[in-house]
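Asks: Okay, here's the prediction I keep looking at, along with the sequence it came from:
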Amino acid sequence: MSNYTPKNILITGAAGFIASHVANRLVRSYPEYNIVVLDKLDYCSNLKNLSPSRSSPNFKFVKGDIGSADLVNYLLMTENIDTIMHFAAQTHVDNSFGNSFEFTKNNIYGTHVLLEACKVSGQIRRFIHVSTDEVYGETDEDAVVGNHEASQLLPTNPYSATKAGAEMLVMAYGRSYGLPIITTRGNNVYGPNQFPEKLIPKFILLSLQGKPLPIQGDGSNVRSYLYCEDVAEAFEVVLHRGDVGHVYNIGTKKERRVIDVAKDISNLFNRDPDASIQFVENRPFNDQRYFLDDQKLKNLGWSQKTTWEEGLKKTMDWYVNNPDWWGDVSGALLPHPRMPMMPGGVERNWTGWIGGLLSKLCEKQGIPYEYGKGRLEDRSQLLSDIHAVKPTHVFNAAGVTGRPNVDWCESHKTETIRTNVAGTLNLADVCKENGLLMMNFATGCIFEYNAAHPEGSGIGFKEEDSPNFTGSFYSKTKAMVEELLKEYPNVCTLRVRMPISSDLNNPRNFITKISRYNKVVNIPNSMTILDELLPISIEMAKRNLTGIWNFTNPGVVSHNEILEMYKKYINPEFKWSNFTLDEQAKVLVAPRSNNEMDASKLKKEFPELLSIKESLIKNVFEPNRKTSA
């Protein structure tokens, strides 16, 4: 047994459930330790969890992601970190069945970034990696001896597989680089502050609302539960007395079937257990039992102190007194919750083109931002996002445009309506309810040249003109929602057209698209240079502008003019040929919109706005110049 005294501890994921109890305990008990906590404030984190520590001189909170190597390296250096307690992870098994890539990204990649930073810094004297009993897989129903620290790892679901993968990396860095690692594997933890996707807080909140308690399968699955303060004490013991290179199980021999947990909670609320329980479909694989041997940790002097009855009563009292701690959690109380993801537009891995570019602009300007996690069509998830993030403005770049193009929408009409119409209106309504301005990236592909706006005339469609293009289902949904959004005084609608950026490798870029076609139509159109206009959208938000705006550069440019520039600046060997609109129509499912939009309203607000051809040269072709032009 070693005796270790840390100086500067970094705790990851500390605004989450278990880590917040550990952080608060260490801040309170050891004023001589400096505690730095890092948390990206995901959906199941809450700054309020750290309220007891925030005024303490030995506590510092940093908002950030363990996946950011620059941030982690910076913190280790500037805070002179000698000890890491690594809790940050996605932990909810149900979510891992529906969104397993997020688990790989957070649990494996995030851990790898941390380990690499520790290796590079060379100053870490303890790295405590927090794992789970689930890495052992299912324990036999009749086993009388629990899994011990040397048992084989046999994970059965995507969550536990990522935790086992992270453990392998931790072990390898211990072996290869001598990193002083300790790993813990714990049973289920419960208590105050826990996000209610987990069984006990979920059943308590549902009981408070008089709703049925959904049990997956027959409820015979067995779990062991430890009260959070006992677990926080276990980490305190492992920190000070744990031996480097060792694994410690944090567990209890006392087991409970899920159905018995439901009955105990029902009885606490004086409800009839049989009437309260509702059996629902089981998840894809539901381990029957996890059973740990905790003797090794007991040998360090730790023991479970809180009885089940005492811990459950304390937990119930806390939720009764703090029912709104997490805001609207109706999405988490479903029988099979899923971590929400934004469809199409702002995806958290930046695959949403405009959303990704906006986030980089915010970083450059030092503007704090968060990605929305809720699906647009799920109001409760949107409310949960807004209550968690407390934004001043909401940018909506989500929408179904179809992959690889809008023809997809012709055969997926309900999906297109769900996001483009119902979802967008839902978000606008939630924003209005919460007094928020919504910057909505819309489209100008709702007009086509007509007698009043002839091609080449210089007469563009204005903001107040009614849409006249119904050739594609995508455009129909966009015109429909734009009309309805006029009823929301908190919405600023930005009509983007044929977006172009300086990244000529991006397949969504209009120039990238047409430079890869064998044939193109040659017709003048209004277009949007994102490098110039996206910063303007942020400025518009700052000015709290609302209403409809043609969000294009003034003037028009034809396909052939763009490809001439491409040939001049990028590839002198480039060749292309044209075909007519009639010929193009034979290879498309839905017609395409061609129009000129009047950008004079935007130009008046932002007089420095360049014409489309000037902006193309300055923002796209000059930066990518490959030849002497």
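Replies: All right, it came through fine.
Asks: could you measure residue 263 against residue 207, distance?
Replies: Using Cβ to Cβ, to the nearest Å, we find residue 263 at a distance of 11 Å from residue 207. C-beta here means a position set from N, CA and C on the backbone, and glycine is covered the same way.
Asks: Nearest residue to residue 244 in space, please, no chain neighbours.
Replies: Excluding the flanking residues, the one nearest residue 244 by Cβ to Cβ, 6 or more residues apart in numbering is residue 180, at 4.4 Å.
Asks: Please name the residues that touch that neighbour.
Replies: Residue 180 makes contact with 124-127, 174, 244-245 under the criterion Cβ atoms under 8 Å, 6 or more residues apart in numbering.
Asks: With residue 548 as the reference, measure out to residue 467.
Replies: When distance is defined by Cβ to Cβ, residue 467 is 11 Å away from residue 548.
Asks: Pull up the overlap in contacts between these two.
Replies: The contact sets of residue 467 and residue 548 overlap at residue 482 (Cβ under 8 Å, 6+ apart).
Asks: Checking the residue nearest to residue 595 when sequence neighbours are not counted next. Helix, strand or coil?
Replies: In this structure, residue 595 finds its nearest non-sequential neighbour in residue 447, 4.1 Å apart by Cβ to Cβ, 6+ apart. Following DSSP: H, G, I helix; E, B strand; the rest coil, residue 447 is assigned to coil.
Asks: Number the residues from 55 up from this point.
Replies: With the count now opening at 55, the last piece we talked about shows up as residue 501.
Asks: Residue 501: neighbouring residues, count only.
Replies: Look at residue 501: counted by other Cβ atoms under 10 Å, it has 26 neighbours.
Asks: so what pLDDT did it get?
Replies: Reported pLDDT at residue 501 in the predicted model: 96.
Asks: Touching, it and residue 516? I think so.
Replies: No - with contact defined as Cβ atoms under 8 Å, residue 501 does not count as touching residue 516 (10.1 Å).
Asks: ok, and what's touching stretch 500-512?
Replies: Under Cβ under 8 Å, 6+ apart, the answer for stretch 500-512 is 513-515, 519, 521-523, 525, 529, 532-533, 536, 549, 577-578, 647-651.
Asks: Now do the buried residues in that stretch.
Replies: 500-503, 507, 509 (16 or more other Cβ atoms under 10 Å).
Asks: low-confidence ranges in the protein?
Replies: 55, 145-154, 193-200, 336-345, 385-386, 389-405, 456-459, 638-644, 681-683 (pLDDT under 70).
Asks: residue furthest from the geometric center of it?
Replies: residue 505 (47.1 Å; Cα atoms, centre = their mean).
Asks: gap between that residue and residue 183?
Replies: 70 Å.
Asks: Same check on residue 437?
Replies: 35 Å.
Asks: Those two: which has the busier surroundings?
Replies: Set residue 437 next to residue 183 and count neighbours by other Cβ under 10 Å: residue 183 wins out with 25 against 19.
Asks: Can you list the neighbours in contact with the helix or strand where that one lies?
Replies: For residue 183, the enclosing helix or strand under DSSP states H and E is strand 180-186. Here strand 180-186 makes contact (Cβ under 8 Å, 6+ apart) with 58, 60, 72-73, 136-141, 143, 145, 165, 168-169, 172, 214, 217-218, 220-221, 224, 233-240, 289, 292-293, 296, 298.
Asks: Buried subset of the residues you listed, written for ChimeraX?
Replies: To isolate the buried members of the contacts of strand 180-186 in ChimeraX, using 16+ other Cβ under 10 Å:
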select :58,60,72,73,136,137,138,139,140,141,143,145,165,168,169,172,214,217,218,220,221,224,233,234,235,236,237,238,239,240,289,292,293,296
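Asks: Of the contacts of strand 180-186, which belong to strands?
Replies: Judged by DSSP state E, strands contain the following of these: 137-140, 235-240.
Asks: I'd like those written out as CSV, with distance to residue 542 added.
Replies: What follows is the ones in strands among the contacts of strand 180-186, written out as CSV (distance: Cβ to Cβ, whole Å):
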residue, distance to residue 542
137, 51
138, 47
139, 46
140, 44
235, 53
236, 54
237, 52
238, 50
239, 50
240, 47
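Asks: thinking again about what came up before, buried only: go through the contacts of residue 234 for me.
Replies: 178, 180-181, 228.
Asks: just to revisit the earlier point, the strand holding residue 183 versus strand 235-240: what angle between them?
Replies: 30 degrees (axes from the mean of the first three to the mean of the last three Cα atoms, to 10 degrees).
Asks: what's the distance between strand 180-186 and the middle of its chain?
Replies: Averaging C-alpha positions (Cα atoms, centre = their mean, to the nearest Å) puts strand 180-186 24 Å from its chain's average.
Asks: residue boundaries of the helices in the stretch 455-604 of the chain?
Replies: If DSSP state H, counting those that start in this stretch is used as the criterion, the helices of the stretch 455-604 of the chain fall at 461-464, 467-471, 478-487, 527-539, 564-569, 584-596.
Asks: same check, this time on the stretch 305-454 of the chain
Replies: Using DSSP H, counting those that start in this stretch, helices in the stretch 305-454 of the chain cover 312-322, 327-330, 349-352, 362-375, 407-419, 433-443.
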